[in-house]
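Novice: Using only what follows, build the 3D model:
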Amino acid sequence: MKIRKNHVRKRYRYNVNRKTMNKTRKSTGNIKDPEMKKLWLESKRVGTNFSEMGLASDPNKSVGIPNYKRERLEAVKIVNGFTEEQLDEEELAALGSKAAEPEPEKPKRGHVVQDLEQMAIDRRADPEFRLPKGVVKELSYFLDKHKFNYKAMVTDRRNHGQWTWRQFRLKIRRFMSIPEQFNEYLEQKKLPTGVKPDWPEYESDSEWK
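Specialist: You can find the predicted model right below:
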């Protein structure tokens with residue numbers, strides 16, 4: 001008994017713009033980086049652009065899987081002094097495959113890799129630690145209202161994170177240890193920069209050092 005197949009009837013979709021759909025499928029997307037956009041050649045394919053610039057879209061293809069069998073065969077040949085006549089066809093093929101590999105050609109636009117590396121160095125973020133703007137805004141509010149009274153900060157309505165007084169003290173001291181951010185706060189309050197405000201600490205187990 002033959003199995004009966006149900007064939008779905010093909011229908012032409014009139015609401016689809018074929019021209020736009022083909023452009024979307026064939027498009028490689030917009031390049032947002034202006035420097036990379038200058039180096040990219042729209043007249044060439046994606047793979048061609050990558051290969052000419054010395055880049056790779058697929059790391060599995062650019063960095064091949066090492067052939068450990070061939071390396072072992074070469075080591076055995078050197079250590080034991082085997083001659084080529086004593087090796088079978090498979091071993092000879094494995095040994096000869098390395099010699100048959102052509103030398104990689106230099107990319108036509110090899111300067112692109114150096115340019116990208118230099119761009120990455122220039123755009124490298126500042127290694128120094130910075131607090132997020134939201135945290136700086138919250139700490140500035142607590143300092144304006146309570147100064148160094150950490151116990152009062154705990155009972156404040158804006159303590160949404162339910163920080164303890166020790167957490168408040170730790171965060172504020174960390175904030176004060178960043179001159180670029182804390183000096184900006186002092187300038188807004190018209191206080192001398194680079195100097196800790198002369199505010200007493202309330203109900204803390206150790207004084208400021």
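
Novice: From here on, just use CA atoms for contacts and neighbour counts.
Specialist: Fine.

Novice: Look up how far Arg45 lies from the closest residue to Ile31 other than its chain neighbours.
Specialist: The shortest distance from Ile31 to any non-neighbouring residue, by Cα to Cα, 6 or more residues apart in numbering, is to Lys37 (5.8 Å). Lys37 sits 14 Å away from Arg45, going by Cα to Cα, to the nearest Å.

Novice: swap in Trp163?
Specialist: 56 Å.

Novice: Those two: who's more crowded?
Specialist: Trp163 (15 against 11; other Cα atoms under 10 Å).

Novice: Kindly give the local confidence score, pLDDT, for that one.
Specialist: At Trp163, the predicted lDDT confidence score is 90.

Novice: Also Gly81?
Specialist: With respect to pLDDT, Gly81 scores 64.

Novice: Surely Leu186 touches Glu180?
Specialist: No - taking contacts as Cα atoms under 8 Å, Leu186 lies outside contact range of Glu180: 10.4 Å.

Novice: Neighbour count: these two, which is higher?
Specialist: Just comparing Leu186 and Glu180: by other Cα under 10 Å the higher neighbour count belongs to Leu186, 18 against 12.

Novice: Phi first, then psi, for Val112.
Specialist: Torsion angles at Val112 (phi, psi; degrees, to the nearest 10) stand at phi -60, psi -40.

Novice: Nothing else from me, thank you.
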